[in-house]
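Asks: predicted structure and sequence below. I'll ask about it afterward.
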Amino acid sequence: MTIATIDHRLGVIKTTPMASIVAAATGTALHTLSPGRTARVIKLHIANRNAANAFVQIGTGLAGAFAASIPAFFVPGGTDRPVTEEEMEEFEFTANITAASTAAAAAPNDVQVIATVKEYQGVTG
Amino acid sequence: MSLERGPFKPGLIEPVVEVGQRVLLADGLKYRLYDVANIEPLLPSHPLIFNGGALAAAGVTAALSTTAVLDMEDSTFGQYRVMVLDDIHIQMRQPQAVTRWTNLNINATINLFTPLYDPCGHQTEFFLYRQERPFLVITNPTGYNLAQTRVAFWGYKYIIGGKHGVVHAADLEPIQMFDSIEQAMASGQKFTVVPTGGWRT
């Protein structure tokens, strides 16, 4: 069954600074959500500069407290993967957005992630 | 009687009157009648951008004077619309101790979301006579520091004439002055009411 949704809400689009994931399975800050707001990731660009294949996840929580919010993106070693708005999940974040990877090491063998997010107005933000 | 034009009209900004028509400047207690002698656009451009400076995460400024950007000459008043350029909230005070855009319990703000609901900015419109400038309280609602807090303005300048025509005077004597809107309405004059802020004289 297909479920259609219409996003009737108005939001502002922001681009995050690029995150560099330098250790495997370590939640790394990607987007700081303004208090009271919610957000959707609408676009991603992942570059796996590590030789090993990686599953890159977007979620919440830093370091060992990372919890994935959407399914992982498979990014073969030494390749990059842009994710367009049509391909992105509609998951709505209510906390700071972080990223983690199953393979990563210090630069230049890190995994780089940049996101474009749409923030929705909240009662404080 | 009001003419068809007036403040807060939806759509791209237009003068609230034409040259040769009359405005009734309403500042809260007094209603002052003037002729409009000339109108000139104040174009959206970088000199009309107010910058409150850097602001820490969740920071709030004091009431910042807009004198350098918005003050008008004597014998003129300004019509402005507002848009923020950074992720900030602005609360407007005009004069400094009177907050605009309020209801019983809250002070509404202009923020990055405002143009999404009101693309032409007609709800942000305000007027200021001479140097009766607004003050801005700027809030950073984000979880990170902002390097600048910019607010853009655009609108029109109106050169007005009083009882003695167009004179460069700090206290331009109006054609007529009324204590109430009822008095002004009963005068038989045709005018457009222009609210010039929360001034109490």
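Replies: Nice, I can see it. Note that the coordinates shown come from a computational prediction; the quantities given were computed from them, not determined experimentally.

Asks: from now on I want contacts and neighbour counts done on CA atoms only, so please keep to that.
Replies: Fine.

Asks: any part of stretch B:46-56 near chain A?
Replies: No - judged by C-alpha under 8 Å from any C-alpha of the partner chain, stretch B:46-56 stays clear of chain A, getting no closer than 12.9 Å.

Asks: chain B contacts on chain A?
Replies: A:10-12, A:32-35, A:121, A:124-125.

Asks: now the buried members of those residues.
Replies: A:11, A:33-35, A:121, A:125 (16 or more other C-alpha atoms under 10 Å in any protein chain shown).

Asks: phi, psi for B:Thr67 please.
Replies: For B:Thr67, the backbone dihedrals are phi -50, psi -40 (criterion: degrees, to the nearest 10).

Asks: that one and B:Arg130 touch, don't they?
Replies: No - contact criterion C-alpha atoms under 8 Å: B:Thr67 and B:Arg130 do not qualify, at 10.5 Å.

Asks: higher neighbour count, those two?
Replies: Between B:Thr67 and B:Arg130, counted using other C-alpha atoms under 10 Å in any protein chain shown, the more crowded position is B:Arg130 (18 against 14).

Asks: quickly find the element holding the residue nearest to the more buried one when sequence neighbours are not counted.
Replies: Counting by C-alpha to C-alpha, 6 or more residues apart in numbering or on different chains, the nearest residue to B:Arg130 once its immediate chain neighbours are dropped is B:Met72, at 4.6 Å. Remark: B:Met72 resides in no helix or strand, with elements defined by DSSP states H and E.

Asks: which residues touch the one residue in chain A that gets nearest to chain B?
Replies: With C-alpha to the nearest C-alpha, the shortest gap between chain A and chain B falls at A:Ser34, namely 4.2 Å. By C-alpha atoms under 8 Å, 6 or more residues apart in numbering or on different chains, the contact set of A:Ser34 is A:125, B:141-143.

Asks: point out where chain A drops to low pLDDT.
Replies: Under the criterion pLDDT under 70, the flagged ranges of chain A are A:1-7.

Asks: let's see 80
Replies: Applying pLDDT under 80 to chain A flags residues A:1-8, A:124-125.

Asks: dump the contacts of A:Ser34 to a markdown table, plus secondary structure and distance to A:Pro108.
Replies: Supplementary listing: those in a markdown table, determined by DSSP: H, G, I helix; E, B strand; the rest coil; distance: C-alpha to C-alpha, whole Å:
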| residue | secondary structure | distance to A:Pro108 |
| --- | --- | --- |
| A:Gly125 | coil | 37 |
| B:Pro141 | coil | 35 |
| B:Thr142 | coil | 31 |
| B:Gly143 | coil | 29 |
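
Asks: spit out the contact partners of the closest residue to chain A within chain B.
Replies: Closest to chain A within chain B is B:Thr142: 4.2 Å, counting by C-alpha to the nearest C-alpha. Contacts of B:Thr142 were listed using C-alpha under 8 Å, 6+ apart, and they are A:32-35, A:125, B:57-58, B:87-88.

Asks: in what helix or strand does B:Pro7 lie?
Replies: Assignment of secondary structure by DSSP H and E places B:Pro7 within no helix or strand.

Asks: can you list the residues of chain B near chain A?
Replies: Residues of chain B lying near chain A (C-alpha under 8 Å from any C-alpha): B:112-113, B:116-117, B:141-144.

Asks: nearest to B:Leu29, of the residues you listed?
Replies: Checking the residues of chain B next to chain A against B:Leu29 by C-alpha to C-alpha gives B:Tyr117 as the nearest, at 32.3 Å.

Asks: now the helix ranked longest in chain B, how far from the chain's geometric center?
Replies: As assigned by DSSP state H, the longest helix anywhere in chain B is helix B:181-186. With C-alpha atoms, centre = their mean, to the nearest Å as the basis, helix B:181-186 stands 23 Å off its chain's centre.

Asks: state whether B:Ala68 is indeed within a strand.
Replies: No - checked against DSSP: H, G, I helix; E, B strand; the rest coil, B:Ala68 lies outside a strand; its state is helix.

Asks: what's the spacing between it and B:Val151?
Replies: From B:Ala68 across to B:Val151, the span is 13 Å (C-alpha to C-alpha, to the nearest Å).

Asks: looking at those two, which one has more neighbours?
Replies: Each of B:Ala68 and B:Val151 has its neighbours counted (other C-alpha under 10 Å); B:Val151 has more, 22 against 11.

Asks: helix, strand or coil for that one?
Replies: Per three-state DSSP, B:Val151 ends up strand.

Asks: again with A:Ala51
Replies: Going by three-state DSSP: A:Ala51 is coil.

Asks: neighbours around the closest residue in space to it that isn't next to it in sequence, how many?
Replies: Leaving aside its sequence neighbours, A:Ala51 sits nearest to A:Gly77 (C-alpha to C-alpha, 6+ apart; 4.5 Å). A:Gly77 has 18 neighbours, counted by other C-alpha under 10 Å.

Asks: give the contact list for A:Gly77.
Replies: A:48-54 are the contacts of A:Gly77 under C-alpha under 8 Å, 6+ apart.

Asks: show me where chain B has strands.
Replies: Assigned by DSSP state E, chain B shows strands spanning B:22-26, B:31-42, B:49-51, B:64-65, B:76-84, B:89-93, B:126-129, B:135-139, B:150-161, B:176-178, B:192-195.
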